[in-house]
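Asker: what would the 3D arrangement of this be:
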Amino acid sequence: MIRLVNVHKSFGTKHVLRGFSLDVSEGETMVVIGGSGTGKSVAIKHIVGLLDPDEGTVFVDGQEVPKLSRNEVYELRAHIGYVFQFAALFDSLTVAQNVAMGLKKQTHLTSGEVKSRVSEALALVDLLNIEDRYPAELSGGMRKRVGIARAIARKPKYMLYDEPTTGLDPVTASVIDQLMIRLRERLSVTSIVITHDMKSAYAVGSRIAMLHEGRIRQVGTVEEIQQSTDPIVRQFIEGRPAPDATQMLGV
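Answerer: Here you go, the predicted model:
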């Protein structure tokens, strides 16, 4: 289980998170929605110790992440797959080398076992016989899938997806959605998906949490969010601009 409790985080004078609290139960896919720049990615970086809260705390399986030693944080990260927004592949490395990066830190694996894990992970994301290709030779959707393969190669308990469908056409985005659902079912992973894509949120989410002004505005099932009467939630899920934004545009 993952718990974020009253997390505050500022960067200079910008107060991004203002009491962010969220519980993610085992086996579910929690989707966190909200506008660009509202702190969605900032929130999940606290889970893997990439950021420490200014106030509040984070628990993963009962471990208080901000209090872990460096080695304990590394051990925690071995159980969490992180899919970055733009895949974050290394252009100078082949697909196989990119996927194997995390595995090489697990020194108990032989080179043969690493190769087998790489092939298994690529097969799970429907990418066969591309081990020797480079990221520049791949489409945007394929790069996303390689990023997912790298994350699942370590057989994590948790998966964190940061804007997995950003920059993709609708058909490719749907492929990524179906892939996330399949991985949840096959690998029984608990997932957190950061997105502002409501079609994707409805497709993959067990529950959806709306982040607004640094804290959770509402959390519920897909149906509960779709039927929400909260004006802020409705404005976002319907894609309507705020009244002041309309006035600024002279509409």
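
Asker: OK, contacts around the residue nearest the centre of the chain?
Answerer: Note on the chain: the residue nearest the mean C-alpha position is Y161, at 1.8 Å, using Cα atoms, centre = their mean. Residues near Y161 by Cβ atoms under 8 Å, 6 or more residues apart in numbering: 83, 148, 180, 191-195. (Glycine included, C-beta is placed from N, CA and C.)

Asker: from those, which is closest to E113?
Answerer: The closest of those to E113 turns out to be I148 (Cβ to Cβ; 20.3 Å).

Asker: show me where the chain has its helices.
Answerer: Listed in chain order, the helices of the chain (DSSP state H) span 40-45, 70-77, 95-100, 111-124, 140-152, 170-187, 198-204, 222-226, 231-237, 243-248.

Asker: mind checking which of the ones you listed is nearest L4?
Answerer: Judging the helices of the chain by Cβ to Cβ, what sits closest to L4 is helix 40-45, at 6.6 Å.

Asker: the closest one packs against which elements?
Answerer: strand 2-11, strand 14-24, strand 29-33, strand 158-162, strand 190-194 (3 or more Cβ pairs under 8 Å, 6 or more residues apart in numbering; DSSP states H and E).

Asker: partners of the fourth one in the sheet?
Answerer: Right, the one you point to is strand 158-162. As defined by DSSP bridges, the strand partners of strand 158-162 come to strand 80-83 (parallel), strand 190-194 (parallel).

Asker: what does the shortest one contact?
Answerer: With contact meaning Cβ under 8 Å, 6+ apart, strand 80-83 is reached by 47-48, 60, 144, 147-148, 151-152, 154, 156-162, 164, 189.

Asker: partner residues bridging the closest residue to V189 other than its chain neighbours?
Answerer: Nearest non-adjacent residue to V189, counting by Cβ to Cβ, 6 or more residues apart in numbering: M159, 4.9 Å away. Going by DSSP bridges, M159 is paired in beta bridges with G81, S191.

Asker: give me the helix or strand of this protein that scores worst on average pLDDT.
Answerer: Counting by mean pLDDT, DSSP states H and E, the chain has its least confident helix or strand at helix 243-248, which shows a mean of 50.

Asker: how many residues are close by K144?
Answerer: Other residues near K144 come to 29 when the count uses other Cβ atoms under 10 Å.

Asker: next, the contact list for it, please.
Answerer: Here K144 is in contact with 83, 87, 164, 168, 172, 176 (criterion: Cβ under 8 Å, 6+ apart).

Asker: for E28, same thing?
Answerer: 190-191, 206-207.

Asker: next, give phi and psi for it.
Answerer: phi -100, psi 160 (degrees, to the nearest 10).

Asker: picking up where we left off before, tabulate the helices of the chain (a markdown table), appending distance to E64.
Answerer: Shown next, in a markdown table, are the helices of the chain (distance: least, Cβ to Cβ, whole Å):
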| stretch | distance to E64 |
| --- | --- |
| helix 40-45 | 16 |
| helix 70-77 | 10 |
| helix 95-100 | 31 |
| helix 111-124 | 30 |
| helix 140-152 | 24 |
| helix 170-187 | 26 |
| helix 198-204 | 29 |
| helix 222-226 | 30 |
| helix 231-237 | 31 |
| helix 243-248 | 40 |
